[in-house]
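Enquirer: Build me a structure from this.
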Amino acid sequence: MLLTLDILTTAAILFVVSIGLLAIFGVLKIINFAHGAWLTVGAYCAVVTARLGLNPWAALPLAFVVGAALGGLAEHFIIRPLYRRPLDAILATWGLGIVLGQLITLAFGRDVQLTPNLYAGTVAVLGVEYSAYRLVALGIALVIGILFALTIERTRLGLSARAVIMNETLARSLGIDTGRVRLVVFMIGAGLAALAGVLLTPLTSVDPNMGVSWLIGAFMLVMVADASFLALAAACLVFGAAQVLISTFVSPILGSIAVAVLAALVLRVSPKGFSRA
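Expert: Numbers count the residues shown, from 1 in each chain. The predicted structure follows:
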């Protein structure tokens, strides 16, 4: 039972970390290498709320708003002029991530920051004591997944985004403001990344480089998912299970690289990853 819970909660955490990156990749067709920096921005929003004496949960909406606002500025002033040069756009996001990391270092220093636990203690699940926070994180991941799916399937924004994903030129000819769709999706993706950063604070140390290690796993998961929401959920579950099993029965060090290595193998065998029909 404990192993099953570890697998489910690990998959949930991987999903929350990756979903913002998937949203941006699906519509803008670029990998946002500043994603790790946005995770870090969100984590430092938790640091700020702690210093202000606010409820730790206040960091979640704060991080989403800050991440989305910064994402909107980045898309408008940095990414938008480079859409016709995808490689340059990707390099620009990499440079942006470095700049954000340095700005965080200037503001807070290089030391590890302490944040209060969002939900402390354990709960009994079928006779097994388990981390209450990891179960809460699982619930939050489910809520985010459901809201994301409803947004894509049931809203005008989702319809426009799917049209842009399928054929941007045709979508533009039908009167869809593709520039606005790109902007809003980038803001949502950045906001979700920052929100994920808050959720990571009870699980990892908070420092200016914390997002880098999570970026690699998120990048590989999105590549395997190939812009598919369901494929991302499946990839997180499969690779999350592999990570937990390898960490438990083989080596935690090997477990930490399991996602990247297994994703690379899947892409070698099937370039379309889990989205291949």
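Enquirer: which stretches of the stretch 51-200 of the chain have low pLDDT?
Expert: Of all residues in the stretch 51-200 of the chain, none has pLDDT under 70.
Enquirer: Wasn't Glu129 part of a strand?
Expert: Yes. Going by DSSP: H, G, I helix; E, B strand; the rest coil, the assignment for Glu129 places it inside a strand.
Enquirer: May I have the beta-bridge partners of it?
Expert: Judged by DSSP bridges, the bridge partners of Glu129 are Ala124.
Enquirer: which residues in this protein form helices?
Expert: Under the criterion DSSP state H, the chain contains helices at 2-28, 35-51, 59-74, 86-108, 132-154, 156-166, 168-173, 178-200, 210-225, 229-249, 252-256, 258-269.
Enquirer: Give me the distance from the fourth one to the chain's centre.
Expert: Read that as helix 86-108. Helix 86-108 sits 16 Å away from the centroid of its parent chain (Cα atoms, centre = their mean, to the nearest Å).
Enquirer: angle of it against helix 59-74?
Expert: For helix 86-108 and helix 59-74, the angle between their directions (axes from the mean of the first three to the mean of the last three Cα atoms, to 10 degrees) works out to 130 degrees.
Enquirer: Please convert the helices of the chain to CSV, extending it with mean neighbour count and distance to Val123.
Expert: C-beta: built from backbone N, CA, C; applies to glycine. As requested, the helices of the chain are arranged in CSV below (neighbours: other Cβ atoms under 10 Å; distance: least, Cβ to Cβ, whole Å):
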stretch, mean neighbour count, distance to Val123
helix 2-28, 23, 11
helix 35-51, 25, 23
helix 59-74, 21, 21
helix 86-108, 16, 33
helix 132-154, 16, 5
helix 156-166, 16, 35
helix 168-173, 14, 47
helix 178-200, 25, 18
helix 210-225, 23, 26
helix 229-249, 20, 19
helix 252-256, 13, 25
helix 258-269, 16, 27
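Enquirer: now for those, which one comes closest to Leu118?
Expert: The stretch from those with the least distance to Leu118 (Cβ to Cβ) is helix 132-154; that distance is 6.1 Å.
Enquirer: Return the list of helices and strands in contact with that closest one.
Expert: helix 2-28, strand 122-125, helix 156-166, helix 178-200, helix 229-249 (3 or more Cβ pairs under 8 Å, 6 or more residues apart in numbering; DSSP states H and E).
Enquirer: next one: phi and psi at Leu118?
Expert: In terms of degrees, to the nearest 10, the main-chain angles of Leu118 are phi -70, psi -30.
Enquirer: what's the burial count for it?
Expert: Using other Cβ atoms under 10 Å, the number of residues around Leu118 comes to 20.
Enquirer: Pretty sure Leu195 is one of the things Cys45 touches, is it not?
Expert: No. With contact defined as Cβ atoms under 8 Å, Cys45 and Leu195 do not form a contacting pair (9.0 Å).
Enquirer: so Arg172 sits right up against Arg180, yeah?
Expert: No. If you go by Cβ under 8 Å, Arg172 and Arg180 don't touch, sitting 11.3 Å apart.
Enquirer: picking that back up, need the helices and strands packed on helix 132-154 in CSV with distance to Ala34, can you?
Expert: As requested, the helices and strands packed on helix 132-154 are exported to CSV (distance: least, Cβ to Cβ, whole Å):
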stretch, distance to Ala34
helix 2-28, 10
strand 122-125, 36
helix 156-166, 20
helix 178-200, 8
helix 229-249, 19
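Enquirer: To Leu82, which of those lies closest?
Expert: Proximity of the helices and strands packed on helix 132-154 to Leu82 was assessed by Cβ to Cβ; the nearest stretch is helix 2-28, lying at 10.4 Å.
Enquirer: In contact with Val259, which residues?
Expert: With contacts defined as Cβ atoms under 8 Å, 6 or more residues apart in numbering, Val259 is in contact with 14, 217, 220-221, 239-240, 242-243.
Enquirer: roughly how far apart are it and Ala242?
Expert: Val259 sits 7 Å away from Ala242 when distances are taken as Cβ to Cβ, to the nearest Å.
Enquirer: repeat for Pro252
Expert: Applying Cβ to Cβ, the value for Pro252 to Ala242 is 13 Å.
Enquirer: Same check on Tyr130?
Expert: The gap separating Tyr130 from Ala242 is 21 Å, by Cβ to Cβ.
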